[in-house]
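Trainee: Sequence below, structure please.
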Amino acid sequence: MPELPEVENARQYLLRAGLVGSVLGAPDITWPKTVRRPSVGEFIEGIVGRRVEGIQRRGKYLISALDDGNNLILHLGMTGSLRITNATQPEQPMVRHTFPLDGGRRLDFSDPRKFGHLWLLADPADAMPTMGPEPLEPSFTADVLAGILNGRRAPIKALLLEQSVVAGLGNLYADEALYLSGIHPERIGQNLTDCQIRRLHASIVSALSHSVGEYARARDAHWPDPPVALSPWSIRRSKGDLCPRCGIEVQQLRVRGRSSWFCPNCQPPP
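Mentor: Sure thing, here's the model as predicted:
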């Protein structure tokens with residue numbers, strides 16, 4: 001599932017591919033349920049002729065500012081990806097929506113499982129849940145994380161998946177951050193020590209920064225068709241795989257319905 005590094009990779013791709021400054025034509029929306037607000041007709045009408053003035057990311061959301069003050073907001077869902085191509089090229093099989101661009105180009109939104117979403121809104125916050133701090137911003141500190149976890153009695157893995165705790169984290173990078181910090185996914189949030197919180201904060205930043213860097217290198221190496229999904233984490237995620245640190249077999253458990261991979265030796269139970 002696209003998480004912060006994958007969405008940031010998509011943003012950087014769109015910037016490099018020249019979406020900013022492009023004028024949008026009438027999009028072809030083949031799966032109407034993707035458009036959450038407004039209606040599909042109003043969405044299409046509101047897109048036509050608008051110029052893209054900027055692309056930002058908030059958590060797992062892409063926000064394209066348009067020249068009329070509205071914002072085209074996109075969530076990639078579980079398997080979504082974006083490509084800008086020549087308008088004469090055939091569409092790939094899983095392209096659900098296309099956005100004509102000036103200059104004979106086209107923006108394709110592939111969404112195999114149809115879990116992606118689109119909005120056209122003046123305020124991007126209206127499309128999002130309550131969002132916590134951006135983990136790669138300087139304002140996200142260990143003290144901020146400690147304040148968020150104070151009094152929280154849920155398992156830390158479940159808390160990291162709440163976008164109100166840390167924006168952009170999902171299952172994969174939550175597991176990676178817990179593995180790097182040596183914290184068991186079932187440890188209760190409020191029970192983390194100051195030392196564990198500092199390690200967790202550093203591990204969140206490290207895991208995400210490393211992945212963002214890997215995507216940047218892949219874009220340079222494979223442009224104009226860079227990969228949209230890499231596997232840059234260190235915790236193994238298959239039965240029988242061994243911990244790269246201690247050689248013990250990794251284990252899987254479910255924390256509030258979500259699968260979690262961990263090392264029983266490096267991440268001792270609470």
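
Trainee: Determine the set of other helices and strands touching the longest helix seen in the chain.
Mentor: The single longest helix within the chain, with elements called by DSSP state H, is helix 194-222. Counting contacts by 3 or more Cβ pairs under 8 Å, 6 or more residues apart in numbering; DSSP states H and E, helix 194-222 is packed against helix 4-17, helix 142-149, helix 171-181. (Each C-beta comes from the backbone N, C-alpha and C, glycine too.)

Trainee: mind listing what's buried in the shortest one?
Mentor: Translated: helix 142-149. 142, 145-146, 148-149 (16 or more other Cβ atoms under 10 Å).

Trainee: what's the answer for stretch 154-171, then?
Mentor: Those would be 154-163, 165-171, for stretch 154-171 by 16+ other Cβ under 10 Å.

Trainee: same deal with stretch 185-192?
Mentor: 185-187, 189, 192.

Trainee: Also stretch 13-24?
Mentor: Buried-residue list, stretch 13-24, by 16+ other Cβ under 10 Å: 13-14, 17, 19, 22, 24.

Trainee: So which of the buried residues of stretch 154-171 belong to helices?
Mentor: Those of the buried residues of stretch 154-171 lying in helices (DSSP H): 156-160, 171.

Trainee: Name the nearest of those residues relative to G104.
Mentor: N171 (39.5 Å; Cβ to Cβ).

Trainee: I'd like to check which residues are in contact with the closest residue to that closest one other than its chain neighbours.
Mentor: In this structure, N171 finds its nearest non-sequential neighbour in R258, 5.9 Å apart by Cβ to Cβ, 6 or more residues apart in numbering. R258 makes contacts with 157-158, 161, 171, as judged by Cβ atoms under 8 Å, 6 or more residues apart in numbering.

Trainee: for A10, same thing?
Mentor: Counted by Cβ under 8 Å, 6+ apart, A10 has contacts 2, 62, 76, 81-82, 228.

Trainee: and of the residues you listed, the nearest to L121?
Mentor: L62 (13.2 Å).

Trainee: Nearest to R219, out of the helices and strands packed on helix 194-222?
Mentor: Of the helices and strands packed on helix 194-222, the one closest to R219 (Cβ to Cβ) turns out to be helix 4-17, at 6.6 Å.

Trainee: Can you report how many residues lie near the closest residue to C263 other than its chain neighbours?
Mentor: Once flanking residues are discounted, C263 sits nearest to C243: 4.1 Å by Cβ to Cβ, 6+ apart. Using other Cβ atoms under 10 Å, C243 has 20 other residues around it.

Trainee: At which residues are the strands of the stretch 51-200 of the chain located?
Mentor: 52-58, 61-66, 71-75, 81-86, 95-101, 105-110, 117-121 (DSSP state E, counting those that start in this stretch).

Trainee: Determine which stretch of these is the most buried.
Mentor: Ranked by mean neighbour count, the strands of the stretch 51-200 of the chain are led by strand 71-75 with a mean of 23 (mean count of other Cβ atoms under 10 Å).

Trainee: Mind checking the pLDDT average for it?
Mentor: Regarding strand 71-75, the rounded mean pLDDT is 98.

Trainee: Counting by contacts, list what it packs against.
Mentor: Using 3+ Cβ pairs under 8 Å, 6+ apart, strand 71-75 sits against strand 61-66, strand 117-121.

Trainee: can you list the residues that contact that strand?
Mentor: With Cβ under 8 Å, 6+ apart as the criterion, strand 71-75 contacts 24, 47, 52, 60-66, 82, 109, 116-124, 127.

Trainee: S259: what's it in contact with?
Mentor: 171, 252-253.

Trainee: how close does it sit to Q251?
Mentor: 11 Å (Cβ to Cβ, to the nearest Å).

Trainee: now do S211
Mentor: 23 Å.

Trainee: For these two, indicate the residue with more neighbours.
Mentor: S211 (23 against 14).

Trainee: OK, contacts around the more buried one?
Mentor: Counting by Cβ under 8 Å, 6+ apart, S211 has contacts 5, 173, 230, 232-233.
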